[in-house]
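Trainee: coords please:
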Amino acid sequence: MIKKQLFLLCTSLLFILMMTSCTPEQVTAPTTTEALKVVVPPEPVYTRIFDTKYVEERNTDNKVIRSWNYNTKQEVVEYSEYFYDELNRNNLIKSYSSEATSDATFQGKFVYTFDGSTTNIIKSELIDKSDSTIQSYSATYNSKGKYLTFILTDSENNVLENRVAVYNSTEEYFLTETYYSDVTKDVIVEKITRSYDGTIASRHIQDEVLTITPVDPKDPSSDAMDVKFFESTIIRKYSWSPNPVNKSFYLRQNFTGGGELLEMTQNIFDTNGNIKLQSTLSTGKLQSYITYSYDNDFLTDESYYDKYDTITTQFTTKLYKVKDQNYYEKVTYSYGYVTPAVRSTTASLMLNANRLKAPTPNHLY
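Mentor: Okay, the predicted model is just below:
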């Protein structure tokens, strides 16, 4: 009996000992400071962002001989060399991906054909590295060098833009500028008719802009429509300051064909007649404005603001010399809320690809 009791006692002690040895280790809880420690991301800040830079090197005749395009990281992404004919006309531009010019870095070229001994370009071609034409245009001109016809096509010979201009008897001031949908000139897309001041020939006082939009053939209701085009008319009226120094209108008002005021653009000038402030208003309220700064009539800064006086875009330009060599530089900035970590890579890349040298539409002047 005693032996049995001793056996049970030993068994109980052994069980207690085993349970005690298996008790988990106690973990010390972190302090309050350690438990609340978190990583706080940096606050976005509204800042100026470098977008692109374009630099030209010019000779003593102010002719461009080389140019560079930089991306958002200020790396050269396009390097170009300019060539001139016997009449000192730029007839060829070769584009490379870096200053190390070779077949491997060659990107394409722009080739220009002139009208006789004039500087009027009658044919311009953008040709890629495989010698295929990407875009090209043909143009004709009057005796004053004003364009008469302009047709821009792509690599498949599709018409991208087709416009025709008609001028007054002196061939200096355009009366109509018409855009067509294709080369046949059967369908008008837009037509601008301009009227001028009877006393000062160069001052336009009104543009009538007729826009014709075809009905979408995918619209289920288009089959039941008698009219296959929608027409709308905008009337732009221009007011000029009596000060002959001013180089543009001081007020432009856009009206519907029915006479309803849509928008106003107002210019304020500096003492040299250059626009220093251009404001756009709608429904009686400021919508946006642009400020301009000059150095002896050379535009050095062009800054765009929204209706809240917040700058959104900026262009800065300058002329300078390095070892007696002339340079021109244009830098593009955008503005936005960017965190420091991504500030240098947020802006988009825009190359200076508009080297076809197309004649500027008259109504933009």
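Trainee: list the contacts for the closest residue to Phe106 other than its chain neighbours?
Mentor: Leaving out its chain neighbours, the residue that sits closest to Phe106 by Cβ to Cβ, 6 or more residues apart in numbering is Lys129, at 5.2 Å. For the C-beta atoms, the positions are set from N, CA and C on the backbone; glycine is no exception. Going by Cβ atoms under 8 Å, 6 or more residues apart in numbering, Lys129 touches 106-108.
Trainee: Top of these by number of neighbours, please.
Mentor: In terms of neighbours by other Cβ atoms under 10 Å, those top out with Gly108 at 19 neighbours.
Trainee: what sits against that residue?
Mentor: 95, 126-129, 134.
Trainee: any chance of those in TSV, with distance to Glu231, pLDDT and secondary structure too?
Mentor: Below are the contacts of Gly108 laid out as TSV (distance: Cβ to Cβ, whole Å; pLDDT from 0 to 100; DSSP: H, G, I helix; E, B strand; the rest coil):
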residue	distance to Glu231	pLDDT	secondary structure
Ser95	42	95	strand
Leu126	34	95	strand
Ile127	39	95	strand
Asp128	40	94	strand
Lys129	44	94	coil
Ile134	34	94	strand
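Trainee: could the residues you listed be laid out in JSON lines, adding distance to Thr101?
Mentor: JSON lines is the format used below for the contacts of Gly108 (distance: Cβ to Cβ, whole Å):
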{"residue": "Ser95", "distance to Thr101": "10"}
{"residue": "Leu126", "distance to Thr101": "19"}
{"residue": "Ile127", "distance to Thr101": "17"}
{"residue": "Asp128", "distance to Thr101": "16"}
{"residue": "Lys129", "distance to Thr101": "13"}
{"residue": "Ile134", "distance to Thr101": "20"}
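Trainee: still on that earlier bit, please tell me how far the residue nearest to Phe106 sits from Arg66.
Mentor: Taking Cβ to Cβ, to the nearest Å as the measure, Lys129 falls 19 Å from Arg66.
Trainee: Tyr70 pairs with what?
Mentor: Lys53, Val76 (DSSP bridges).
Trainee: is it true that it touches Asp51?
Mentor: No. At 9.6 Å, Tyr70 does not count as touching Asp51 under the criterion of Cβ atoms under 8 Å.
Trainee: one step back: so which of the contacts of Lys129 is the closest to Tyr335?
Mentor: Nearest to Tyr335 among these is Gln107, at 30.6 Å by Cβ to Cβ.
Trainee: Is that closest one in contact with Ser98, as I believe?
Mentor: No. Gln107 is beyond contact range of Ser98, at 9.9 Å (criterion: Cβ under 8 Å).
Trainee: burial measure for Asn267, as a count.
Mentor: The burial count for Asn267: 20, using other Cβ under 10 Å.
Trainee: tell me which element it falls in.
Mentor: Assigned by DSSP states H and E, Asn267 falls within strand 261-269.
Trainee: With just CA atoms, put that strand into CSV.
Mentor: Provided in CSV are the C-alpha atoms of strand 261-269 (Å, rounded to 0.1, in the frame of the first residue of the first chain):
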residue,chain,number,x,y,z
LEU,A,261,-20.8,86.9,-76.1
LEU,A,262,-18.7,83.8,-75.4
GLU,A,263,-15.3,85.0,-74.5
MET,A,264,-13.0,88.0,-74.3
THR,A,265,-9.3,88.4,-74.6
GLN,A,266,-7.6,91.6,-73.4
ASN,A,267,-4.0,92.7,-74.0
ILE,A,268,-2.0,95.2,-72.0
PHE,A,269,1.2,96.6,-73.6
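Trainee: now stretch 277-290, how far from the chain's geometric center?
Mentor: 20 Å (Cα atoms, centre = their mean, to the nearest Å).
Trainee: Let me fix that, I meant to ask about stretch 309-321.
Mentor: That offset, for stretch 309-321, works out to 14 Å (Cα atoms, centre = their mean).
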